[in-house]
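>>> Have a look at this prediction, sequence included:
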Amino acid sequence: MRANTWQGRQHVTVQDVPDPRILNAQDAIVRITSTAICGSDLHLYHGYIPTMKKGDVLGHEFMGEVVEVGPAVRNLRVGDRVVVPFPIACGACMACERGLYSVCENSNPNAGIAEKIMGYSPAGIFGYSHLLGGYAGGQAEYARVPFADVGPLKIEVDLPDEQLLFLSDILPTGYMGAELCDIKPGDTIAVWGAGPVGLFAIASAYLLGAKKVIAIDRFDYRLRKAKDQAGAEIINYELTPVAEALREMTAGRGPDACIDAVGMEAHHASGLIYGYDRAKQATRTESDRPDALREAIMNVRNGGIVAAIGAYGGFIDKFPMGAFMNRSLTMKSAQCHVQKYMRPLLERIRKGEIDPSFVITHRMRLDDAPRAFQLFREKQDECVKVVLKP
Amino acid sequence: MNSVREIGALERSAGPGRGADRLARRLGLASLGLGVAQLVAPYRVAQLAGVDRSVRAIMIIPALGLREIGHAAALLGVRRPGRWAWTRVAGDAMDLALLGRAVAHTCGLRRVRAAAVTAAVAGITVADLYTAIRAYREGERTVRDGAVHAVGAITINKSPAEVYRFWRDLENWPRFMYHLESVRVTGDRRSHWSAKAPGFGRMRRTVEWDAEIVEDTPERIITWRSLPDADVTNWGQVRFLPGPSGRGTEVRVELDYTAPGRAAGVAIARLFGEEPRQQLRDDLRRFKQVMETGDVVRSEGSPDGLSMRQQMKQRPARPVRADELVSV
Ligand SMILES: NC(=O)c1ccc[n+]([C@@H]2O[C@H](COP(=O)([O-])OP(=O)(O)OC[C@H]3O[C@@H](n4cnc5c(N)ncnc54)[C@H](O)[C@@H]3O)[C@@H](O)[C@H]2O)c1
Ligand SMILES: [Zn+2]
Ligand SMILES: [Zn+2]
């Protein structure tokens, strides 16, 4: 089959690889009908997530049709249409029972490596490094899906792929970001990053009752989308000092909660700070560039919540611990526990409360994945979200 | 309740190579100090080494500083740093070559300083070589002694009754204990075990022994040991405790292997590799996977399932061809 493979820094190629096969009795094989490129894939593309190997099949946002099931699969049949959540979870361990699917205790066969870097191991993830399992991903014609009775959401409503695909990751992720903010009536939420994850965080914050949501980015076309299609007020941080603007927009209170939907490759308006983090990252004395997180912490109101849903891989520097401690802040974070959110969000889509397809700007062939990565990375051609068709 | 004994056991299992490791840690600290100095004050370092006239030297020194910090990270950051001392030996060779050039190209007081620094580095090289060689020898010795002790614990999301029942069926063990090839129950409490030590050709061998269960308290404890005439003497115990407030079952395992004969000793040492505790931990993780999910979990990168040994040599995360599957 054809699959998009990681070849090194800023180098992916679409290659012929063997067709996937059942390795565990609870596996299913899915023929992929739609797959997407995520901001998380850019962290791999730029080489910031360790333990990638040349030839790894990328991709963790995909859906399709079941074409084969292992002998222990009960809930799925050949022919079922499914959306596959990006964390791989067994459904039987204590973490899974508590709904913490992305920290499943059993799904990472390389847990030993993860423990060395993170203390304890999180769940395995499709196409997302060997540290997180060494699972082949879904930017491909077919994928093997472990724990097929637990993860994949069977679709029995008549909706197009484009409205369903993002149940695999970014819609639940944005929604979880808003949920972590514990929104009360009248709350103002500030969201760093107006990429697909940020856009869904904005839309979800409104669904959960926020009074006002403020989007912060530097790309006007993305901010425009945040304003026109998600109802956000906007700050372009290259033109307006963020702290002052937020203070002004909240009459001196500060946002009740802040969402970091940027992650480990934040850009910074000040060349000096950006240069500092880039240099530390290049010499591997800091693995992640956390500027949006720093700003979120500095700008949230006293006693407020910071939801870090942008992805981090290792260690950060210049963490404003003084502000965090003295101002009674709370920080919450997770790789999204997608399995927990898929059903309720499908229900919201079905009822027309949200149509996730608004983030899509590019529809391309799987074979065009290298160009799609380039477009998405450079934010060229007003690119927000690319959907690939195998 | 057994914590003191367990900590003692952990210490013992971390046993070999400790003298060399202590030395290596000190060398690591030295590397850190030197590396930081080279990074923040390259000119002072150049002056001290008598090479402050050379622009190239001053440019090269921060890079050497980064290298030193790399050594420090290797020596301070790992559990068995002794063998990493070889990285310092290589670094010394590089420094000596650079300094040799400096001595040849400077004169006067600078030449004296460069020569003194060269002599000092030569001394350091001796210390590095000593540490590296000592670590290597200590590594050899473990193989010869062939004694393995390991403890481990894991929590399983099942009742003590279920966990006990699975463990009590000895024939289940090879599914999660990768050093075992088979366990055959031969009597009420007796069993025949076989294990295959990795290696090539004549080095690869199967070790077999008979064992008996000496203590069996349902849902609480199982203790076993080899029969008196076995080549490989071993003893093991597993205890089951209900986790706090319904949190499954805590499983605590202790294993002890000794093999007095040289050949069997080498085989036992190889069965467990260099990190018996890590191997036991892998065994317990697989045990948890089998208990909770019914199977050892496999990915394309680790198609044989969880094992620290093979995590180091992952295949790429792309689908596995039929002929690539060894043991699935
Ligand atoms: N927690 C999870 O489960 C999860 C799931 C999916 C994605 N993610 C992460 O979410 C993040 C965003 O993903 P995406 O697909 O939207 O990526 P994206 O690259 O499309 O969007 C990131 C946006 O952040 C903006 N940005 C960069 N630096 C900024 C700064 N200092 N202040 C404000 N905005 C800044 C960029 O201009 C860009 O628009 C990534 O880190 C991704 O890995 C996390
Ligand atoms: Zn993603
Ligand atoms: Zn689980």
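Yep, it's here. Ligands and ions are numbered 1, 2, ... in the order given.
>>> contacting residues for the residue nearest to A:Gln229 when sequence neighbours are not counted?
For A:Gln229, ignoring the flanking residues on the chain, the nearest one in space by CB to CB, 6 or more residues apart in numbering or on different chains is A:Phe358 at 4.9 Å. For every residue, glycine as well, the C-beta is placed using N, CA and C. By CB atoms under 8 Å, 6 or more residues apart in numbering or on different chains, the contact set of A:Phe358 is A:199, A:225, A:229.
>>> Equivalent analysis for B:Glu250, please.
Contacts of B:Glu250 by CB under 8 Å, 6+ apart are B:153-155, B:240-243.
>>> all strands of the stretch 151-300 of chain B, in order?
With DSSP state E, counting those that start in this stretch, the ranges of strands along the stretch 151-300 of chain B come out as B:180-185, B:190-197, B:205-217, B:221-226, B:233-242, B:249-258.
>>> So which of those has the densest surroundings on average?
strand B:249-258 (a mean of 20; mean count of other CB atoms under 10 Å in any protein chain shown).
>>> Could you measure from the residue in chain A that chain B sits nearest to over to A:Gly352?
Proximity of chain A to chain B (CB to the nearest CB) peaks at A:Gly134, 2.0 Å away. For A:Gly134, the distance to A:Gly352 equals 40 Å [CB to CB, to the nearest Å].
>>> Show me which of the two is the more surrounded one.
A:Gly134 (30 against 7; other CB atoms under 10 Å in any protein chain shown).
>>> in what helix or strand does whichever residue of chain B sits closest to ligand 1 lie?
Proximity to ligand 1, evaluated over chain B using CB to the nearest ligand atom, is greatest for B:Ala317 at 18.1 Å. Using DSSP states H and E, B:Ala317 sits within no helix or strand.
>>> A:Met176 too?
helix A:170-180.
>>> and the next element down the chain from that helix?
Using DSSP H and E, the first helix or strand after helix A:170-180 is strand A:188-192.
>>> A:Tyr135 is in contact with the residue of chain B closest to ligand 1, correct?
Yes: using CB atoms under 8 Å, B:Ala317 is in contact with A:Tyr135, at 5.8 Å.
>>> tell me, what's touching those two both at once?
A:127, B:299-301.
>>> Output the residues you listed as TSV; include the columns neighbour count.
Shown next, in TSV, are the shared contacts of B:Ala317 and A:Tyr135 (neighbours: other CB atoms under 10 Å in any protein chain shown):
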residue	neighbour count
A:Gly127	35
B:Ser299	29
B:Glu300	29
B:Gly301	27
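>>> Spit out the contact partners of the closest residue to A:Pro185 other than its chain neighbours.
Leaving out its chain neighbours, the residue that sits closest to A:Pro185 by CB to CB, 6+ apart is A:Gly209, at 5.9 Å. The contact partners of A:Gly209, by CB under 8 Å, 6+ apart, come to A:183-185, A:187.
>>> that older thread, where does the residue nearest to A:Gln229 sit relative to ligand 3, distance-wise?
Look at A:Phe358 and ligand 3: by CB to the ion, to the nearest Å, they are 33 Å apart.
>>> B:Val121 too?
For B:Val121 relative to ligand 3 (CB to the ion), the value is 54 Å.
>>> again with B:Thr233
Distance of B:Thr233 to ligand 3, given as CB to the ion: 38 Å.
>>> Who is the closest residue to that residue other than its chain neighbours paired with across the strands?
Spatially, and ignoring its direct neighbours in sequence, B:Thr233 is nearest to B:Thr258 (4.9 Å; CB to CB, 6+ apart). In this structure, B:Thr258 bridges to B:Ala147, B:Thr233 when assessed by DSSP bridges.
>>> circling back: and which of the contacts of A:Phe358 is nearest ligand 3?
Within those, proximity to ligand 3 (CB to the ion) peaks at A:Leu199, which comes in at 30.0 Å.
>>> Whichever strand or helix holds the closest one near ligand 2 anywhere?
For A:Leu199, the host element (DSSP H and E) is helix A:196-207. No: using CB under 5 Å from the ion, helix A:196-207 never reaches ligand 2; the gap is at least 7.8 Å.
>>> Moving C-terminal from that helix, which element do we reach first?
Assigned by DSSP H and E, the successor of helix A:196-207 is strand A:212-217.
>>> Contacts for that following strand, please.
Outside strand A:212-217, the residues touching it (CB under 8 Å, 6+ apart) are A:187-195, A:198, A:202, A:205-206, A:223, A:226-227, A:230-237, A:242, A:246, A:249, A:255.
>>> Dump the shared contacts of B:Ala317 and A:Tyr135 to JSON lines, plus pLDDT and distance to ligand 3.
Listed next are the shared contacts of B:Ala317 and A:Tyr135 as JSON lines, based on pLDDT from 0 to 100; distance: CB to the ion, whole Å:
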{"residue": "A:Gly127", "pLDDT": "98", "distance to ligand 3": "19"}
{"residue": "B:Ser299", "pLDDT": "95", "distance to ligand 3": "15"}
{"residue": "B:Glu300", "pLDDT": "95", "distance to ligand 3": "19"}
{"residue": "B:Gly301", "pLDDT": "93", "distance to ligand 3": "19"}
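>>> that older thread, quick one, what contacts the residue of chain B closest to ligand 1?
Contacts of B:Ala317 by CB under 8 Å, 6+ apart are A:53, A:55-57, A:127, A:130, A:133-137, B:299-301.
>>> and the residue of chain B found nearest ligand 2, what pLDDT?
Nearest residue of chain B to ligand 2 (CB to the ion) works out as B:Ala317 at 16.0 Å. The score at B:Ala317 is 95. That number is its pLDDT.
>>> repeat for B:Asp52
66.
>>> same deal with B:Gly82?
67.
>>> ok, now how distant is A:Gly151 from ligand 1?
14 Å (CB to the nearest ligand atom, to the nearest Å).
>>> about what we covered before: would you format the contacts of A:Gly209 as JSON lines with pLDDT included?
Supplementary listing: these in JSON lines, determined by pLDDT from 0 to 100:
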{"residue": "A:Ile183", "pLDDT": "98"}
{"residue": "A:Lys184", "pLDDT": "97"}
{"residue": "A:Pro185", "pLDDT": "96"}
{"residue": "A:Asp187", "pLDDT": "98"}
